[in-house]
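1. Sequence and predicted structure, then a few things I'm wondering about:
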Amino acid sequence: MSPYANLLLQVLMVVGLTVGIYLVRRLRFGGHGYVMLVIVALNVYSIGSVMLPSARNILSGAKFDSFTLLVAAHSVAGLMVELTGMYVVYVWRLRPPGQSCFRLGRPMKVLAAAWLIIAVLGAYIYFLLYT
(Lines give C-alpha, C1' and ligand atoms only; values in the text may rest on other atoms or scores of the structure.)
Protein backbone atom coordinates (compact mmCIF):
# COMPACT_ATOMS: atom_id res chain seq x y z
CA MET A 1 0.00 0.00 0.00
CA SER A 2 1.33 3.43 -0.85
CA PRO A 3 1.82 6.09 1.83
CA TYR A 4 -0.93 8.17 0.17
CA ALA A 5 -3.40 5.30 0.29
CA ASN A 6 -2.43 4.68 3.91
CA LEU A 7 -3.10 8.33 4.78
CA LEU A 8 -6.54 8.07 3.19
CA LEU A 9 -7.18 4.85 5.13
CA GLN A 10 -6.17 6.58 8.38
CA VAL A 11 -8.57 9.45 7.67
CA LEU A 12 -11.35 6.95 6.97
CA MET A 13 -10.59 5.17 10.25
CA VAL A 14 -10.86 8.46 12.17
CA VAL A 15 -14.23 9.00 10.47
CA GLY A 16 -15.16 5.44 11.47
CA LEU A 17 -14.15 6.14 15.06
CA THR A 18 -16.42 9.17 15.00
CA VAL A 19 -19.25 7.01 13.66
CA GLY A 20 -18.56 4.49 16.43
CA ILE A 21 -18.83 7.22 19.06
CA TYR A 22 -22.10 8.37 17.49
CA LEU A 23 -23.48 4.81 17.61
CA VAL A 24 -22.64 4.48 21.32
CA ARG A 25 -24.41 7.74 22.07
CA ARG A 26 -27.46 6.38 20.23
CA LEU A 27 -27.19 3.19 22.33
CA ARG A 28 -26.50 1.06 19.25
CA PHE A 29 -23.78 -0.98 20.90
CA GLY A 30 -23.80 -3.85 18.41
CA GLY A 31 -23.20 -1.50 15.49
CA HIS A 32 -20.49 0.25 17.49
CA GLY A 33 -18.76 -3.07 18.11
CA TYR A 34 -18.76 -4.03 14.43
CA VAL A 35 -17.42 -0.60 13.40
CA MET A 36 -14.62 -0.90 15.95
CA LEU A 37 -13.83 -4.45 14.81
CA VAL A 38 -13.41 -3.23 11.23
CA ILE A 39 -11.27 -0.27 12.31
CA VAL A 40 -8.98 -2.42 14.44
CA ALA A 41 -8.58 -4.93 11.59
CA LEU A 42 -7.84 -2.17 9.05
CA ASN A 43 -5.32 -0.66 11.43
CA VAL A 44 -3.53 -4.00 11.85
CA TYR A 45 -3.22 -4.15 8.05
CA SER A 46 -2.02 -0.54 7.87
CA ILE A 47 0.56 -1.04 10.61
CA GLY A 48 1.90 -4.22 9.05
CA SER A 49 2.00 -3.08 5.45
CA VAL A 50 3.12 0.56 5.78
CA MET A 51 3.90 1.83 9.25
CA LEU A 52 6.11 -0.95 10.60
CA PRO A 53 8.37 -1.11 7.52
CA SER A 54 8.59 2.69 7.44
CA ALA A 55 9.42 2.95 11.15
CA ARG A 56 12.01 0.20 10.83
CA ASN A 57 13.69 2.07 7.95
CA ILE A 58 13.66 5.37 9.85
CA LEU A 59 14.85 3.97 13.17
CA SER A 60 17.43 1.44 12.00
CA GLY A 61 20.83 3.08 12.05
CA ALA A 62 19.29 6.51 12.45
CA LYS A 63 20.99 9.28 14.31
CA PHE A 64 19.33 10.38 17.52
CA ASP A 65 17.37 13.53 16.74
CA SER A 66 13.93 14.98 17.37
CA PHE A 67 12.43 13.30 14.29
CA THR A 68 13.57 9.78 15.19
CA LEU A 69 12.40 10.37 18.77
CA LEU A 70 9.01 11.46 17.41
CA VAL A 71 8.78 8.35 15.21
CA ALA A 72 9.81 6.11 18.11
CA ALA A 73 7.23 7.69 20.44
CA HIS A 74 4.51 7.38 17.77
CA SER A 75 5.45 3.75 17.15
CA VAL A 76 5.42 2.71 20.81
CA ALA A 77 2.24 4.64 21.68
CA GLY A 78 0.52 3.45 18.51
CA LEU A 79 1.39 -0.17 19.22
CA MET A 80 0.08 0.14 22.78
CA VAL A 81 -3.19 1.66 21.55
CA GLU A 82 -3.58 -0.97 18.83
CA LEU A 83 -2.96 -3.83 21.25
CA THR A 84 -5.48 -2.32 23.67
CA GLY A 85 -8.01 -2.00 20.83
CA MET A 86 -7.43 -5.62 19.91
CA TYR A 87 -8.01 -6.61 23.54
CA VAL A 88 -11.28 -4.68 23.70
CA VAL A 89 -12.49 -6.28 20.45
CA TYR A 90 -11.44 -9.69 21.81
CA VAL A 91 -13.41 -9.12 25.04
CA TRP A 92 -16.44 -8.18 22.96
CA ARG A 93 -16.04 -11.15 20.56
CA LEU A 94 -19.23 -10.40 18.62
CA ARG A 95 -21.46 -10.73 21.67
CA PRO A 96 -24.42 -8.61 22.59
CA PRO A 97 -23.45 -5.81 24.97
CA GLY A 98 -23.10 -6.95 28.53
CA GLN A 99 -20.99 -6.51 31.61
CA SER A 100 -17.71 -7.26 29.83
CA CYS A 101 -18.42 -4.41 27.43
CA PHE A 102 -19.88 -1.89 29.86
CA ARG A 103 -17.04 -2.24 32.35
CA LEU A 104 -14.68 -1.10 29.59
CA GLY A 105 -16.62 2.13 28.92
CA ARG A 106 -14.14 4.49 30.57
CA PRO A 107 -11.04 2.77 29.13
CA MET A 108 -12.68 2.92 25.69
CA LYS A 109 -13.04 6.70 26.01
CA VAL A 110 -9.37 7.00 26.94
CA LEU A 111 -8.48 4.67 24.08
CA ALA A 112 -10.47 6.75 21.58
CA ALA A 113 -8.78 9.96 22.74
CA ALA A 114 -5.33 8.34 22.59
CA TRP A 115 -6.05 6.99 19.10
CA LEU A 116 -7.02 10.46 17.88
CA ILE A 117 -3.88 12.00 19.37
CA ILE A 118 -1.71 9.31 17.80
CA ALA A 119 -3.49 9.81 14.46
CA VAL A 120 -2.69 13.55 14.57
CA LEU A 121 0.92 12.75 15.46
CA GLY A 122 1.04 10.28 12.57
CA ALA A 123 -0.33 12.92 10.19
CA TYR A 124 2.41 15.28 11.36
CA ILE A 125 5.07 12.61 10.72
CA TYR A 126 3.53 11.98 7.30
CA PHE A 127 3.72 15.73 6.57
CA LEU A 128 7.39 15.79 7.56
CA LEU A 129 8.22 12.76 5.40
CA TYR A 130 6.23 13.47 2.24
CA THR A 131 5.89 17.23 1.82
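-> In hand now; what should we look at? Numbering: from 1, shown residues only.
2. Where do the helices of the protein begin and end?
-> Here the chain has its helices, by DSSP state H, at 3-25, 29-46, 52-59, 66-92, 99-102, 105-130.
3. and Leu129, how many neighbours?
-> 12 (other CB atoms under 10 Å). (Each C-beta comes from the backbone N, C-alpha and C, glycine too.)
4. returning to what we had before: between the helices of the chain, which gets the lowest average pLDDT?
-> Lowest mean pLDDT within these: helix 99-102, at a mean of 59.
5. Distance check, Ile125 against Val50.
-> 12 Å (CB to CB, to the nearest Å).
6. now Gly33: how far from Tyr87?
-> Taken as CB to CB, the span from Gly33 to Tyr87 is 14 Å.
7. Among those two, which residue is more densely surrounded?
-> Neighbour count, other CB under 10 Å: between Gly33 and Tyr87, Gly33 has more, with 22 against 14.
8. Settle this for me: the more buried one is touching Val91, isn't it.
-> No - applying CB atoms under 8 Å, one finds Gly33 not in contact with Val91, separated by 10.2 Å.
9. how close does Thr68 get to Arg56?
-> Applying CB to CB to Thr68 and Arg56 gives a distance of 12 Å.
10. These two: which is more packed in?
-> With neighbours defined as other CB under 10 Å, Thr68 and Arg56 compare such that Thr68 has more, 14 against 10.
11. Is that one in contact with Ile58, as I believe?
-> Yes - using CB under 8 Å, Thr68 is in contact with Ile58, at 6.4 Å.
12. list the residues that contact both of those two?
-> Counting by CB atoms under 8 Å, 6 or more residues apart in numbering, Thr68 and Ile58 have no contacts in common.
13. And Arg103, what's its pLDDT?
-> 65.
14. ok, and which of the helices of the chain has the densest surroundings?
-> Most buried of the helices of the chain, by mean neighbour count (mean count of other CB atoms under 10 Å): helix 29-46, with a mean of 17.
15. chain center to that one: distance?
-> Distance of helix 29-46 from the chain centroid (CA atoms, centre = their mean, to the nearest Å) equals 10 Å.
16. List the contacts of Tyr45.
-> Met1.
17. For the nearest residue to Gly85 once chain neighbours are set aside, give me its contacts.
-> Leaving aside its sequence neighbours, Gly85 sits nearest to Val40 (CB to CB, 6 or more residues apart in numbering; 4.6 Å). By CB under 8 Å, 6+ apart, the residues touching Val40 are Glu82, Gly85, Met86, Val89.
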